[in-house]
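Enquirer: Sharing a sequence plus its predicted fold:
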Amino acid sequence: MKMARVTSITERQKHDNHRIDFLNGYLFDNMIDGILITDDRGSVIYINDAYEKIFSVSNIAILNRSIFEVKNDEVIINGFKTQKKIIGRLNCSTGRITINIAISPIYKDKKFKGVIGIYRENKLKSNEVEKVESSFEKNLKAERCINLNCCFENIITDSHIMKSTLLIAQKASMVSSTVLIRGESGTGKGMVAKAIHDSSNRKEAPFIKVNCGAIPPTLLESELFGHEQGSFTGAIKKKIGKFEQANGGTILLDEIGDMPMEMQVKLLRIIQEKEFQRVGGNETIRCDVRILAATNKNLEEQVEKGRFREDLYYRLNVIPVQLPSLRDRKEDIPILCRYFIQKLNKKIGGKIKGLADEVQEAFYHYDWPGNVRELENLMERLIVLSEEEIIQLHEIPTYISQVYNTTIVNSMSVGLSTLRNIPTLEEYEKEIIKVALQRFKSFNAAGKALGVTHKTIAAKARKYNIVEKREG
Ligand SMILES: Nc1ncnc2c1ncn2[C@@H]1O[C@H](COP(=O)(O)OP(=O)(O)OP(=O)(O)O)[C@@H](O)[C@H]1O
């Protein structure tokens, strides 16, 4: 009898640990190709010996540095930004050696975890030197092909996933199908709905937004479909509902997941038959309204629990548009900050020029549960209250700066544990002082960050030739 192979959990764990060992060290050590691996923020977490040789760099100088600051390797930067497989070529200064590069994104549980770059030296014969052409250019062109029209220009993003999502929204604007826009609160669902309307041939007609969660269930029907005079206590005058107001245009049913069951039946009817009656009225009113719905709820779960009609769910979910949360597109944080600084400086007469490096780091590590709205509100508060032109770490709320402080300590120990050759204490001291001086720009501030006096920093900076020794 054939025995099935069963891998127990503990065995599997052993496998996993083994794999991690591989990744942390020896798998790539003896390869001919240079290898560089980054984490999801673009910090270098691994380079092998071949990489050190090809680029004449030491791992101590490059580990934990951002690929944006380490070296001008546009191929990996482009691979990181687009989170796509990219091949390219770098020319060395002699022109006789090129380096073929293949960058691949690393995903775990559908989440972007960083990139791995493979670098292979390619010695050219002299007649080949002229022919070298970088496929990086081609990739850039492909990237530019993601063309969004001006209706989407207020939706600021650098993220490839977000741009692809907006492209779906733009395509949806060309038809009248129902669109279900999903995403956590503050991810921009309202903005996307407006852009779909503005980009459609209904743009001259009204765009009407109804927050289904904010209106008491008893009033929602009259809000949506209107009522006749005297149809219920308080119905003093005839009222035109939102659907009639939106005739020829678009209606956004925001927080659709909170719509009461009775209203869901009525909504289904209007989607199917395109007609309704006002509350207390007999007249059948036909209207031509494009329906967009938005929610931050898990509608599938609501359907399973019997809180949302399955037939309505399918009617609404004809074109799904899923907006990623800000923590899943952290590459958007810098561009959003720049955008909000510019916009809010104008609005409230602020003079902020930017964010200190540590603030940017802190923003990067924070989870932003309120997404872009939370970031925008915080930027407004900082612009109003900040004493400096560059917003400093001590000015941001402690729940965000704390995240930064713990991450720095953690990343230092992770970085050290991945080093193959442990640096001497002196080498380590030299590097950390260099980093602190680059970041804080003065002996005083660097000393404060490292917990020593400015005199100690100054003396050590001279000892390690980080700054020039004074004569005499
Ligand atoms: N990509 C973006 N670029 C610029 N501003 C943005 C972006 N995304 C969101 N915002 C801003 O964030 C705020 C929230 O956006 P919006 O109301 O569209 O989010 P939402 O997902 O509909 O939120 P909710 O579910 O709470 O209604 C708005 O002030 C909007 O201007």
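Expert: Great, that's in hand.

Enquirer: Mind checking what secondary structure the residue in the stretch 301-450 of the chain that the ligand sits nearest to has?
Expert: Nearest residue of the stretch 301-450 of the chain to the ligand (C-beta to the nearest ligand atom) works out as Val372 at 3.4 Å. In this view, the C-beta of every residue, glycine as well, is placed from N, C-alpha and C. Recorded secondary structure, Val372: helix (DSSP: H, G, I helix; E, B strand; the rest coil).

Enquirer: quick one: contacts for it?
Expert: By C-beta atoms under 8 Å, 6 or more residues apart in numbering, the contact set of Val372 is 186-188, 326, 332, 336.

Enquirer: Met162 versus that one, what's the distance?
Expert: For Val372, the distance to Met162 equals 10 Å [C-beta to C-beta, to the nearest Å].

Enquirer: Give the residues shared as contacts by these two.
Expert: Contacts common to Val372 and Met162, judged by C-beta under 8 Å, 6+ apart, are Asp332.

Enquirer: Show me which residues of the stretch 151-300 of the chain sit near the ligand.
Expert: 155-157, 183, 185-191, 254, 296 (C-beta under 6 Å from any ligand atom).

Enquirer: One more: the stretch 301-450 of the chain?
Expert: 372-373, 376.

Enquirer: Mind doing that once more with 5 Å?
Expert: Listed as neighbours of the ligand in the stretch 301-450 of the chain under the rule C-beta under 5 Å from any ligand atom: 372-373.

Enquirer: Where does the prediction get shaky in the stretch 301-450 of the chain?
Expert: Scanning the stretch 301-450 of the chain for pLDDT under 70 picks out 405-422.

Enquirer: Okay, helices next: where are they in it?
Expert: Assigned by DSSP state H, counting those that start in this stretch, the helices in the stretch 301-450 of the chain fall at 310-316, 332-348, 357-365, 371-385, 398-418, 425-440, 443-450.

Enquirer: Can you give the domain ranges for the protein?
Expert: 9-144, 156-324, 328-463 (automatic domain parsing).

Enquirer: what's the offset of the longest one from the middle of its chain?
Expert: Yep, that's domain 156-324 we're talking about. 27 Å (C-alpha atoms, centre = their mean, to the nearest Å).

Enquirer: got it, and stretch 38-45?
Expert: That offset, for stretch 38-45, works out to 15 Å (C-alpha atoms, centre = their mean).

Enquirer: Give me the phi and psi for the residue nearest the centre of the chain.
Expert: Centrality entry for the chain: nearest residue to the mean C-alpha point is Arg329, 1.0 Å, by C-alpha atoms, centre = their mean. Note on Arg329: its backbone torsions stand at phi -140, psi 60 [degrees, to the nearest 10].

Enquirer: ok, the closest residue in space to Ala449 that isn't next to it in sequence - contacts?
Expert: Distances taken as C-beta to C-beta, 6 or more residues apart in numbering put Ala436 closest to Ala449, at 5.4 Å, once the chain neighbours are dropped. By C-beta under 8 Å, 6+ apart, the contact list for Ala436 reads 446, 449-450, 457.

Enquirer: Going by neighbour count, which of those comes out on top?
Expert: Ile457 (25 neighbours; other C-beta atoms under 10 Å).

Enquirer: Quickly note the distance from it to Ile433.
Expert: 6 Å.

Enquirer: Likewise for Lys351?
Expert: 33 Å.

Enquirer: if we can go back for a sec, quick one: closest of the domains of the chain to Cys150.
Expert: When those are compared by C-beta to C-beta, domain 156-324 sits nearest Cys150, at 8.6 Å.

Enquirer: and that closest one, how far apart are its ends?
Expert: 13 Å (C-alpha to C-alpha, to the nearest Å).

Enquirer: so where does Leu292 fall, helix or strand?
Expert: Assigned by DSSP states H and E, Leu292 belongs to strand 290-295.

Enquirer: Which parts of the stretch 101-250 of the chain are strands?
Expert: Along the stretch 101-250 of the chain, counting by DSSP state E, counting those that start in this stretch, strands occupy 111-123, 179-182, 207-211, 226-227, 239-240, 250-254.

Enquirer: from the stretch 1-150 of the chain, which residue is nearest to the ligand?
Expert: Leu148 (11.7 Å).

Enquirer: What number of residues are in the vicinity of that residue?
Expert: Counted with other C-beta under 10 Å, Leu148 comes out at 16.

Enquirer: Now Ile256. Nearest residue, chain neighbours left out?
Expert: What sits nearest to Ile256 in space, not counting adjacent residues and going by C-beta to C-beta, 6+ apart, is Ala293, at 4.1 Å.

Enquirer: beta partners for that neighbour?
Expert: Beta-bridge partners of Ala293, counted by DSSP bridges, are Leu180, Leu253.

Enquirer: separation between it and Ser325?
Expert: Taken as C-beta to C-beta, the span from Ala293 to Ser325 is 19 Å.

Enquirer: Surely Val192 touches Val321?
Expert: Yes. Contact status for Val192 versus Val321: in contact at 6.4 Å, counting by C-beta atoms under 8 Å.

Enquirer: Give me the common contacts of those two.
Expert: 169, 181.

Enquirer: Looking only at neighbour counts, state which of the two leads.
Expert: More crowded of Val192 and Val321, by other C-beta under 10 Å: Val192, with 28 against 21.

Enquirer: For the more buried one, list the residues it contacts.
Expert: 155, 166, 169, 181, 321, 323.

Enquirer: And Gly117, how close does it get to Pro105?
Expert: Taken as C-beta to C-beta, the span from Gly117 to Pro105 is 11 Å.

Enquirer: Which one's more surrounded, the two?
Expert: Each of Gly117 and Pro105 has its neighbours counted (other C-beta under 10 Å); Gly117 has more, 25 against 18.

Enquirer: how about the residue lying closest to the more buried one once chain neighbours are set aside, secondary structure?
Expert: Nearest residue to Gly117 in three dimensions, chain neighbours excluded: Leu36, at 4.4 Å (C-beta to C-beta, 6+ apart). Classification of Leu36 by three-state DSSP places it in strand.

Enquirer: Test of understanding: give the bridge partners of Leu36.
Expert: Legend: beta-bridge partners of Leu36 under DSSP bridges are Ile47, Gly117.

Enquirer: can you count the residues close to it?
Expert: Leu36, neighbours per other C-beta under 10 Å, totals 25.

Enquirer: do the one 10 residues further on as well
Expert: Summarising burial for Tyr46: neighbours were counted as other C-beta under 10 Å, giving 22.

Enquirer: Give me the contact list for stretch 234-253.
Expert: For stretch 234-253, contacts defined as C-beta under 8 Å, 6+ apart pick out 190, 193-194, 196-197, 200, 202, 205-210, 212, 222-230, 259, 267, 270, 276, 278-280, 285, 287-294.

Enquirer: Which of the residues in that stretch are classified as buried?
Expert: Across stretch 234-253, burial judged by 16 or more other C-beta atoms under 10 Å covers 235, 239, 241-244, 246-247, 249-253.

Enquirer: cool, stretch 308-324 as well?
Expert: Result for stretch 308-324 [16+ other C-beta under 10 Å]: buried residues 308-309, 312-313, 315-316, 319, 321, 323-324.
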